[in-house]
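S.K.: Return a 3D structure for these sequence lines:
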Amino acid sequence: MPLGDLFRRRPPDAETCPACGALLPNDANYCPNCGIRIDEPEAQPLHIVDRATGLFNERFIRPVLEDELHRAHRYGRPLGIVLIEPIPGHNHSSPEADEETLKMMAAAIAGTLRDVDTPGVLAHRPPSLLAVLPDTDVAGTAHAANRVLEAVNSALAPAGRRATLGIVCIQHGQRVRAPAVIEAAARSLREGGRPEFLGR
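M.R.: Here you go, the predicted structure:
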């Protein structure tokens with residue numbers, strides 16, 4: 001056996017995380033994969049990142065949206081929401097094709113938004129991304145949506161696909177919740193991107 005292979009192999013008694021089963025570095029107190037303490041195997045793994053895209057997952061992006069809605073209401077600030085999905089094709093796509101589409105969309109959207117914006121994955125099938133744009137009025141949301149759509153369509157063009165999006169603009173006033181905002185964004189998406197206004 002080559003000497004390099006010997007050094008690269010894990011020893012037979014290598015520890016694994018009791019919660020998620022990932023291999024642990026020597027003398028680790030926390031699992032680098034799921035974030036729990038090694039001596040608390042009953043703890044809930046802290047999975048907040050979608051592994052396919054590197055963006056926040058649905059479990060995390062919904063609470064982020066709820067927090068930003070609360071902040072917008074409390075401080076009287078505008079908030080923009082963009083929902084983006086690929087336009088369905090004539091043929092049903094495979095899970096592998098959907099996953100590849102999602103990765104391309106995620107890379108495009110992550111490189112287009114501001115540092116203060118939060119993009120996340122809402123669903124893998126069909127691929128669906130949500131971007132939360134704090135302190136963003138109607139004009140700013142429309143500008144961001146145009147940039148996102150252009151970037152995503154450029155990324156999807158080699159695969160022969162295009163995307164569509166929905167826009168929601170939150171104006172301070174009546175308190176709205178995350179499910180209503182996501183529903184409004186989906187309605188906007190189905191209606192060709194006509195902005196939905198909530199909060200007044």
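
S.K.: Regarding the residue nearest the centre of the chain, what is its secondary structure?
M.R.: Compute the mean C-alpha point of the chain, and by CA atoms, centre = their mean the closest residue is G120, 1.3 Å away. At G120 the chain is in strand, as set by DSSP: H, G, I helix; E, B strand; the rest coil.

S.K.: what helix or strand does the closest residue to it other than its chain neighbours sit in?
M.R.: Nearest-residue entry for G120: I61, 2.8 Å, with adjacent residues in sequence omitted and distances by CB to CB, 6 or more residues apart in numbering. Yep, even glycine has a C-beta here, placed from its N, CA and C like the rest. Secondary structure from DSSP states H and E places I61 in helix 58-75.

S.K.: any idea of the mean pLDDT for that helix?
M.R.: Average pLDDT, helix 58-75: 92.

S.K.: now do stretch 85-101
M.R.: 80.

S.K.: With stretch 150-169 instead?
M.R.: 94.

S.K.: Restricting to C-alpha, output it in PDB.
M.R.: Taking Å, rounded to 0.1, in the frame of the first residue of the first chain, the C-alpha atoms of stretch 150-169 are listed here in PDB:
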ATOM      1  CA  GLU A 150     -31.400  38.900 -16.000                       C
ATOM      2  CA  ALA A 151     -28.600  37.000 -14.100                       C
ATOM      3  CA  VAL A 152     -30.700  33.900 -13.600                       C
ATOM      4  CA  ASN A 153     -31.800  33.800 -17.300                       C
ATOM      5  CA  SER A 154     -28.200  34.200 -18.400                       C
ATOM      6  CA  ALA A 155     -27.300  31.200 -16.200                       C
ATOM      7  CA  LEU A 156     -30.100  29.000 -17.400                       C
ATOM      8  CA  ALA A 157     -29.700  29.900 -21.100                       C
ATOM      9  CA  PRO A 158     -27.200  27.100 -21.900                       C
ATOM     10  CA  ALA A 159     -29.800  24.600 -20.600                       C
ATOM     11  CA  GLY A 160     -32.500  26.100 -22.700                       C
ATOM     12  CA  ARG A 161     -34.500  27.300 -19.800                       C
ATOM     13  CA  ARG A 162     -35.800  30.700 -18.500                       C
ATOM     14  CA  ALA A 163     -37.100  31.900 -15.200                       C
ATOM     15  CA  THR A 164     -40.000  34.000 -14.000                       C
ATOM     16  CA  LEU A 165     -40.500  35.900 -10.800                       C
ATOM     17  CA  GLY A 166     -43.000  37.300  -8.400                       C
ATOM     18  CA  ILE A 167     -42.600  40.600  -6.500                       C
ATOM     19  CA  VAL A 168     -44.100  41.700  -3.200                       C
ATOM     20  CA  CYS A 169     -43.600  45.200  -1.700                       C
END
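
S.K.: If anything else comes up later, I'll come back, but that's it for now.
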